[in-house]
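Visitor: model the following, please.
(2 chains)
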Amino acid sequence: MAERRGLICITCPMGCQLDVLFDPQTGRVLEIEGHGCKRARSYAQKELTNPTRMVTTTVRVRGGMWPLVPVHTAAPIAKSAIFPLLRELRQVEVQAPVRCGQVILANGAGTGVDVLASRDLPAMDIVSLRNICVGRANVLNRGARRDR
Amino acid sequence: MRRDVAVIGGGPAGLAAAIGARERGAHHVLVIERAEELGGILPQCIHNGFGVEVFGEDLTGPTYAQRYIDRASELGVEALLDTTVLEVSGWRRITATNRRNGILEIEAGAIVLAMGCRERPRGTLGIPGTRPAGVYTAGTAQRLVNMEGYMPGERFVILGSGDIGMIMARRLTFEGARVERVLEIQPFLSGLMRNYVQCLQDFDIPLQLSHTVVDIRGDRRVEAVVAAEVDPNWQPIPGTEELIPCDTLLLSVGLIPENEVSRQAGVELDGATGGPYVDERFQTSVPGIFAAGNVVHVYDLVDDVSHAGDIAGASAAEFALGRREEPTRRVRLRAGENIRYIAPQVLDPEGLRRGAQRLQMRVRRPIEAPVYLRVETRRRNRRKKGEVLVRRGLRYVRPGEMVSLTLPESVCSQVREADELWVSVEERGG
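Guide: Numbers count the residues shown, from 1 in each chain, chains lettered A, B, ... in the order given. The predicted structure is shown next:
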């Protein structure tokens, strides 16, 4: 017997409301309605068998302009791995400066997916901070100071 | 100092404008930014979902900002950080201040306003109750958690189903907090559906539509809020009150374009958007002053903000270099049936000769059925019948999701004849 389920596609901001007919035994999608593009089918298929999500969070930084650096998984990971990954990342601390795309944690929570830095994070040293942040020599008021 | 183009605000709109201006030949482009770094709100929006349109990639907010910051540096865009603009004159003279330079006077060939928007605070909601600690706007909480490393509480109620509120519900859950409830006064979601799925549904965070907070309890710190169901006029229904124990209330109840500086410059504002009236090249009512991004109207997607910034920056460069063709005629765009606002509000018919023009709008109320979006011409002489220029079928319309419509080049001659263009939503088969 086929089963019917309503899903909302999260592939893009459109958020298409899908009506999915699937085989509950195998999770195989038989029919799909309400989709605006072909990506909905693979989303629905994944959502019914092995739902995955991108994970974004922060990790601690020593000596950085901010005490945290934002990070993201290089690819979506299984939903069940989200909280184990977050627990693992809570133990991680990196040293500034951090470069955007730098590997912060390899093979996060055993998923085979790396966790990467989402931005450059300059060291607290203000002059270099201004250089990296705003790009080389074009900050006019170099030396402006943060009150923190 | 003198600059070809000065951009006020270094967020996504301002960065795209600065890049756009440099790419179109403006030599000296300056971004004036109040914060210590460029990027605007993006550095605190650590979630993904940015850049799908512009880069064809799913990026986080900080990464999206990083790309624009890197590009701006490559092009030699200058930045004044930690600098507040105090005043802009109609003659394009900017007065700004920072700790190092004291007071700065900047003469600009053209200005792009890109100050973004601010969150609607508690004071505008009229929630009764005490004034304890523990009431934050969602964006403030986002900054505390994602950048400064503080948790504002342990047990949360979120008022408003805007995107930032839903994203914060997930974020706080990730950081070990408990989110008791998301309450939305309207009978529909105000943010994007995908955020409902991946931020609330995934973590079993309950959402209650047609509900609001009617009381905040607590002496020094929030101890509980009282929620109640509301009727269609947003009036609480007696007998539906529920006490929800919590220590923090987050407000995600709307954004307001930030236009204090625009007003001083004499820029005319649209009551419906809260931002300047702009033409299709994003020029405001003051020649040489352009505006882009959330300062004009609040967008859903940063990709669209960057697109607007690029056009505004390019137009500002043209103006500064004396290459802008001033419009000979201006056609007003009007919001008709079920349209809350439309931007741009003014269109130069000759603009259509240069290419198709994108219109962006929001509807007043949701229609969960196929509709047509219709643009028709009107003449001041009412006896002349208007013509329908464009009719676009949509599967639904929702106030939380901005609608775009493109006016093709082919309608140029009809727009030339028109005095106004009316945009409306029409129910199909109705």
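
Visitor: how is chain A partitioned into domains?
Guide: Recorded structural domains for chain A (assignment: automatic domain parsing) are A:3-49, A:56-134.

Visitor: close to chain B, is the longest one?
Guide: Yes. Applying Cβ under 8 Å from any Cβ of the partner chain, one finds that domain A:56-134 is in contact with chain B at A:56-58, A:60, A:65-68, A:70, A:72, A:79, A:82, A:86, A:100, A:118-120, A:130, A:133-134. No exception for glycine: its C-beta is placed from N, CA and C like everyone else's.

Visitor: that domain: how far from the chain's middle?
Guide: Taking the mean C-alpha point of domain A:56-134 and that of its whole chain, the gap between them comes to 11 Å (Cα atoms, centre = their mean, to the nearest Å).

Visitor: do the same with the first one
Guide: For domain A:3-49, the gap between its own C-alpha mean and the chain's C-alpha mean amounts to 22 Å (Cα atoms, centre = their mean).

Visitor: just the terminal-to-terminal distance for that domain.
Guide: Between the opening and closing residues of domain A:3-49 lies a distance of 14 Å (Cα to Cα, to the nearest Å).

Visitor: near chain B at all, that domain?
Guide: Yes. Using Cβ under 8 Å from any Cβ, domain A:3-49 reaches chain B at A:I8, A:C9, A:I10, A:C12, A:P13, A:G15, A:Q17, A:G36.

Visitor: closest one of those residues to B:S410?
Guide: Proximity of the residues of domain A:3-49 next to chain B to B:S410, judged by Cβ to Cβ, is greatest for A:G36, which lies at 25.4 Å.

Visitor: number of nearby residues for the closest one?
Guide: Taking other Cβ atoms under 10 Å in any protein chain shown as the criterion, the count of residues near A:G36 is 14.

Visitor: show me what contacts it?
Guide: When the contact criterion is Cβ atoms under 8 Å, 6 or more residues apart in numbering or on different chains, the partners of A:G36 are A:M14, A:C16, B:R395.

Visitor: just among these, which is most surrounded?
Guide: Counting neighbours by other Cβ under 10 Å, the top entry in the contacts of A:G36 is A:C16, with 23 neighbours.

Visitor: so what's that residue up against?
Guide: Contact criterion Cβ under 8 Å, 6+ apart gives A:I8, A:C9, A:G34, A:H35, A:G36, A:C37, A:A40 as the residues in contact with A:C16.

Visitor: quick check: longest strand in chain B by residues?
Guide: When secondary structure is assigned using DSSP state E, the longest strand within chain B turns out to be strand B:102-113.

Visitor: so what's the residue count around the closest residue to B:P132 other than its chain neighbours?
Guide: Computed as Cβ to Cβ, 6 or more residues apart in numbering or on different chains, the closest residue to B:P132 that is not its neighbour in sequence is B:G218, at 3.9 Å. Neighbour count for B:G218, taken as other Cβ under 10 Å: 19.

Visitor: any idea how far chain A is from B:G218?
Guide: With the distance defined as Cβ to the nearest Cβ, to the nearest Å, B:G218 ends up 29 Å from chain A.

Visitor: just to revisit the earlier point, tell me the one among the contacts of A:G36 nearest to B:P128.
Guide: Closest approach between the contacts of A:G36 and B:P128, by Cβ to Cβ: A:M14, at 39.2 Å.
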